[in-house]
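Chemist: Fold the following.
(3 chains)
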Amino acid sequence: MSDEATRDAFEQALDTREVRGRSLYVDAWHRLLKNKAAVAALIVLVVIVALVSFGPMLSGWDHEIPDWDHYSSPPSLENDHIFGTDALGRDLFVRTMIGGRISLLVGLVATLVSLLIGVTWGAFAGYVGGRADNVMMRIVDAVYAMPFMFFVILLMVVFGRNIFLIFVAIGAINWLDMARIVRGQTLSLKNKDFVEAARASGATEWQVIRRHIVPNLLGVVIVYVTLTIPQVILVESFLSFLGLGVQEPLTSWGALVNEGAQEMETAPWSLLYPATFLAVTLFAFNFIGDGLRDALDPKDRQ
Amino acid sequence: MLKYSLRRLASAIPTLFLLITFAFFLIRIAPGGPFDSERALPPEIEANLAAKYHLDEPLVFQYGRYLWQIVRGDLGPSFHYRDWSVNDLIAQGAPVSFALGVAALLLALVIGVITGAWAALRQNKPVDYTVMSIAMVGISIPNFVMAPLLILLFAIVLGWLPAGGWAFSFDRMILPVITLALPMIAYIARITRGSMIEVLHSSYIRTVRAKGMPEKEVILRHALKPALLPVISYLGPAAAAILTGSVVVERIFTIPGIGSYFVQGALNRDYTLVMGVVILYGVLIILFNFMVDLLYAWLDPRIRYDDGEAET
Amino acid sequence: MSRLWPLCLMLLLVGCSEQSEQPVEPPPSLADPVAVELDADGRPVPDILAESQVIHRGNGEEPQTLDPHLAEGVPSTNILRDLFEGLTTTTPDGHIVPGAAQHWDISRDGLTYTFFLDPEGRWSNGEPVTAEDFVWSWQRAVDPSTGASYGRMLSPVANAEAIFAGELPPEELGVTALNDSTFQVDLNHPSPYFLGLLTHPTTYPVYREAVEAYGDSHVRPGNLVSNGAYTLEEWRVRSSITLVKNRAYRAADDVIVERVVFYPLEDENTEFNRFRAGDLHWTYQVPSNRFQWLRENLDEALMVTPWFGTYFFSFNLTRPPFKDNLALRQALNLAVDREILTERVSRFGEIPTFNLVPPGLPEYEPPVTDWADMTQKEREDEARRLYREAGYSEEKPLAVELRYNASENHRKIAVAIAAMWKQVLGVRTRLINEEFRVFLQNRAQRRVTEVFRSGWIGDYQDAFTFLELFHSEHGRNDAGYDNPRFDRLLERIAAERVPASRRNLMAEAERMILADQVILPVYNYVTKRLIDPRLKGWKENVMDHHLTRYMYLVRAREAGEEEDAAEEAEGEES
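Modeler: Numbers count the residues shown, from 1 in each chain, chains lettered A, B, ... in the order given. Just a heads-up that it's a prediction; the model follows:
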């Protein structure tokens, strides 16, 4: 089975080294702080999170009640709709912020779900090995050969349109990469000298896993998380494009961008603001992810 | 090598079987049926339609019937497009998606590798940041926004290109190809940059440089080849996905590819059609992953597959 | 200035200054057609015609099938009207006139129709269209094993119902070929709308030899034999369907357009862009949020016509909270401000309504309800009173689920209605947007629905096509309306021969549905599309039938040609 091992970019960049203590992560953190793009991205992200968390409280508008006197209104200070309103007269500033909450939540929760399944599955397969490994990875192969979108759409159709199910559905499918990476790492780790040494010195299996396997996996996992969140946010926006996104009156950046794209000529502000937030957030996550990868990869040290 | 290839292909069969089984039962769980419509059918007619398409049989029988059909190379009649068989529909749509996909792949590969390598050579310089920022636009703007923007600019405002529609011609392909290629360019550029940086820091390149070889030759002859390995492993699944079309691009540019069938087939409960494209996708994934492994072996002499256990 | 924004967005990330003052989008330029001149027979004079008579029509979705008996949905019907011809057909303005039948006799009791076929009627392979063709085709349409989705259209014909139910063989259908050119139909009860039914594809003849020889693939190009003005030349799935003039057609000499290409264009913005780029002469729809823009920029191409359909919501009468709760249903109905919905949400001149049956039927006078005459303020006061009467209040608000299927317009309407209920009554609405098939199933099962989107486009020009939906046993009675008095009324309407009494009975039936608050009517549909000003020969009609055979393209005006000729033409057109 191991000939099927993923040669994914993550793994490639993160060829794990022996870890001595926690110094690797401290070093990595220092290296990350030297990466200007990543630091800028981190700051931007913090600002966005603060905005979507507290922004709606600063505005007098409600995200679901239309202002019938100002529908499709361009941004204006006079009527107090600073981002304008949508086709139904709902304030776009509030909706963009509420949408941001949902998009970020979708990204985070779905990624965590995929992490949970992926790490468990991959670590178990890699650590136990043998026949169990073989069967588990064959299942991963079969699911991997299934088009992602088809899967997501069916899950949405079958389980209805509950927002938490969207999280879970996306996460439940996105775990395959994680499982493969973690399995590969575990497989190579468990035969490493220092693991053998630990075993020889009488450490229990659990101690080996806790002290040696898990810390070594952490780097891969962190990078994976930062790069998966933006992917999931995009997937959610695609579902909104298909009309299968979150339920009204809730919204997400994807849903707002999709509505805005329909009106890009007649009401360009309805595309501009949510699209900018979406793009900047994705930018930020990707820069942080790249920064982390560089920082965690000892080979890249200059 | 041959032994390895045969073994790999043989191991694809159980994977495919699992895939077909998953997909077959999954789509049947979805509520509603292919013949539901806003006009209610008389029960008698509904029963007859069900009988005609064997939907009245127990699911396991239908599954068996379906497997036997596939073995004979028949993907069955489409439940939604009732004048066509799934074979017909895929035969009409696949060449379109393949043409677009291949063009987008080539474009993305060329631009992605060049910009990625360029950024790597200027690591942490302004060029690097600029190139990577532009590349990231491709993954930060959803394609359903990018596509109408391109149409608006090039077809409506400038009037240089058609606003959509399909023909095997340069002018009709260019906008969809760009839309498809943009996110790929970004991924490829990022991967190339990362691996190029790594290769340039390797002892191998240091040795080559120490021998006094001209920099251009160092990069083209010695650094690029190993730096492409991770790009190739990215390309395997990416190629399968892009060759089977994109529902967004197909809808916005009105292109008759097969990408929409993944979504429309599922939404219309066109069981056979959706199975057909899922199988096609699965086969392509398996095939491309296999080709990736072969390419790896060819590009990277350290890898040998003859003992069956490969380490990368 | 505002048109600059989209481009700025694109350039935003590479640095765009908003300062440039150039208009980004040039006003769309439509070709300027020459004036229409007709000859003595009402045909356009050759001099004004464009050289190439090929028209391109946007046509919604890819048709599921082009078999007239299996087809459903507007897109396939549009194509089938060009390919085939029923016993009757429609004029450009929607009147019913002889088609494959040259004339007909109706027996005094209204139960027997005798059609005399046009001796010039030909299949596209040159064979004559015979009465036997109709007998065989109609038997095929009602045969349950055919699986005709609209087989019910033929239910007025004697024995049709029993044949659907599998109780009688299809040969027992009440149709006979008296000779090669005389086709007789026996009806169960007089159905004044019967001649109108004959324009529907379910009643079209199909060519027996082709159907028998090719089976499911008899409608492929090369296999399909049709009797209409056009014949199928090419079918590229999800790309285009090309029809070419049928030389054998009985009135081929009058057909001007040589080729018509139908494009499946699902996305309204895409279709709109292709129209602007000059790829289409005729669109299927227009982007719903562009009304203002179109009025300002493309007014001469925009056509908005009332359509024979009603957009409404239904209450599930079989479950709480609406079961046996007339006051609550009425409260919700009255709290909705239709003016806002049509003027600010749907925005295309849809007509606000409190009725089920759309206006404009020649043989029908819709009943006027009390609340239709109130002001919205009065309605809202009344709504609040009824809401309290139903046992709800500020402290104890109603929580209700409003279901609709994924679509931009449904979404907007539902959001707006939920907001109105909240503002007027304090109702807490949960919006549930479902994927179409799930939605249909939930509606039909009535187990989870509370209020849900409905809507109906009439199948034939008669109020009955709307009323019959609420028969307790109708397959689409998703509200679960079960009123024996109403059912009896429908049966009486079906049997009634005197037009005036029939009209009154139908109005009584509609009044009953409205008084029982089964539905929450919102507006009457309009059809809206863009049409190239060079395309002539079509007229607005409420059934939205637009046969290509009446159309023609006039050439664009050359530089220096007279302006005022155009105005004359306008006069002639209308």
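Chemist: Report the contact partners of residue C:446.
Modeler: C:316, C:318, C:319, C:478, C:480 (Cβ atoms under 8 Å, 6 or more residues apart in numbering or on different chains). Yep, even glycine has a C-beta here, placed from its N, CA and C like the rest.
Chemist: how near is it to residue B:43?
Modeler: 16 Å (Cβ to Cβ, to the nearest Å).
Chemist: now do residue C:146
Modeler: Taken as Cβ to Cβ, the span from residue C:146 to residue B:43 is 15 Å.
Chemist: can I assume residue C:160 is in contact with residue C:173?
Modeler: Yes: using Cβ atoms under 8 Å, residue C:160 is in contact with residue C:173, at 6.2 Å.
Chemist: Determine the residues that are contacts of both of these two.
Modeler: Common neighbours of residue C:160 and residue C:173 (Cβ under 8 Å, 6+ apart) are C:142, C:154.
Chemist: related to what we said a few turns ago, which of residue C:146 and residue B:43 has more neighbours?
Modeler: residue C:146 (20 against 13; other Cβ atoms under 10 Å in any protein chain shown).
Chemist: contacting residues for the more buried one?
Modeler: Contacts of residue C:146 by Cβ under 8 Å, 6+ apart are B:48, C:69, C:70, C:140.
Chemist: how about the nearest residue to the residue in the stretch 351-500 of chain C positioned nearest to chain A, chain neighbours excluded?
Modeler: Among the residues of the stretch 351-500 of chain C, residue C:406 lies nearest to chain A; the distance is 3.4 Å by Cβ to the nearest Cβ. Spatial nearest neighbour of residue C:406, excluding adjacent residues (Cβ to Cβ, 6 or more residues apart in numbering or on different chains): residue A:243 at 3.4 Å.
Chemist: And chain B, is stretch A:125-133 touching that?
Modeler: No: using Cβ under 8 Å from any Cβ of the partner chain, stretch A:125-133 stays clear of chain B, with a minimum separation of 12.5 Å.
Chemist: mind listing what's buried in that stretch?
Modeler: For stretch A:125-133, the buried set under the neighbour-count rule, 16 or more other Cβ atoms under 10 Å in any protein chain shown, comprises A:125, A:126, A:127, A:129, A:133.
Chemist: What of stretch C:268-276?
Modeler: C:268, C:269, C:270, C:271, C:272, C:273, C:274, C:275, C:276.
Chemist: Repeat that for stretch A:198-209.
Modeler: Buried, per 16+ other Cβ under 10 Å, within stretch A:198-209: A:198, A:203, A:208, A:209.
Chemist: Same check on stretch A:47-66?
Modeler: A:48, A:51, A:52, A:55, A:56, A:59, A:61, A:62, A:63, A:64, A:65, A:66.
Chemist: contacts for it?
Modeler: By Cβ under 8 Å, 6+ apart, stretch A:47-66 touches A:67, A:80-81, A:88-91, A:93-95, A:97-98, A:100-101, A:104, A:248-251, A:277, A:280-281, A:284, C:415-416, C:418-419, C:422-423.
Chemist: If any of the residues you listed are buried, put those into a ChimeraX selection.
Modeler: For the buried members of those, the matching ChimeraX selection, counting by 16+ other Cβ under 10 Å, is:
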select /A:67,81,88,89,90,91,93,94,95,97,98,100,101,104,248,249,250,251,277,280,281,284 /C:415,416,418,419,422
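Chemist: So which of the contacts of stretch A:47-66 would count as near chain B as well?
Modeler: Okay, of the contacts of stretch A:47-66 touching chain B (Cβ under 8 Å from any Cβ), that's residue A:280.
Chemist: sec struct for residue C:432, please.
Modeler: strand (DSSP: H, G, I helix; E, B strand; the rest coil).
Chemist: give the contact list for it.
Modeler: A:161, A:247, C:401, C:402, C:403, C:404.
Chemist: again with residue C:525
Modeler: Residue C:525 neighbours (Cβ under 8 Å, 6+ apart): C:306, C:307, C:308, C:309, C:310, C:311, C:350, C:358, C:455, C:457.
Chemist: Would you mind identifying the next helix or strand past whatever helix or strand it lives in?
Modeler: Secondary structure assignment for residue C:525, by DSSP states H and E: strand C:519-530. Once the chain leaves strand C:519-530, the next helix or strand it forms, by DSSP H and E, is strand C:535-536.
Chemist: any idea which residue sits dead centre in chain B?
Modeler: Residue closest to the mean C-alpha point of chain B, counted by Cα atoms, centre = their mean, is residue B:241 at 1.5 Å.
Chemist: can you give me the offset of the helix or strand hosting it from its chain's centre?
Modeler: Take DSSP H and E as the rule and residue B:241 turns out to sit in helix B:229-243. Offset of helix B:229-243 from its chain centre (Cα atoms, centre = their mean, to the nearest Å): 8 Å.
Chemist: so does it get close to chain A?
Modeler: Yes: interface with chain A: helix B:229-243 contributes B:229, B:230, B:233, B:234, B:237, B:241 (Cβ under 8 Å from any Cβ).
Chemist: What is that helix packed up against?
Modeler: helix A:9-13, helix B:86-121, helix B:170-200, helix B:271-299 (3 or more Cβ pairs under 8 Å, 6 or more residues apart in numbering or on different chains; DSSP states H and E).
Chemist: Could you dump these into JSON lines with mean neighbour count, distance to chain C and mean pLDDT added?
Modeler: Output for these, formatted as JSON lines (neighbours: other Cβ atoms under 10 Å in any protein chain shown; distance: least, Cβ to the nearest Cβ, whole Å; pLDDT from 0 to 100):
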{"stretch": "helix A:9-13", "mean neighbour count": "22", "distance to chain C": "24", "mean pLDDT": "41"}
{"stretch": "helix B:86-121", "mean neighbour count": "20", "distance to chain C": "5", "mean pLDDT": "92"}
{"stretch": "helix B:170-200", "mean neighbour count": "23", "distance to chain C": "11", "mean pLDDT": "88"}
{"stretch": "helix B:271-299", "mean neighbour count": "21", "distance to chain C": "11", "mean pLDDT": "88"}
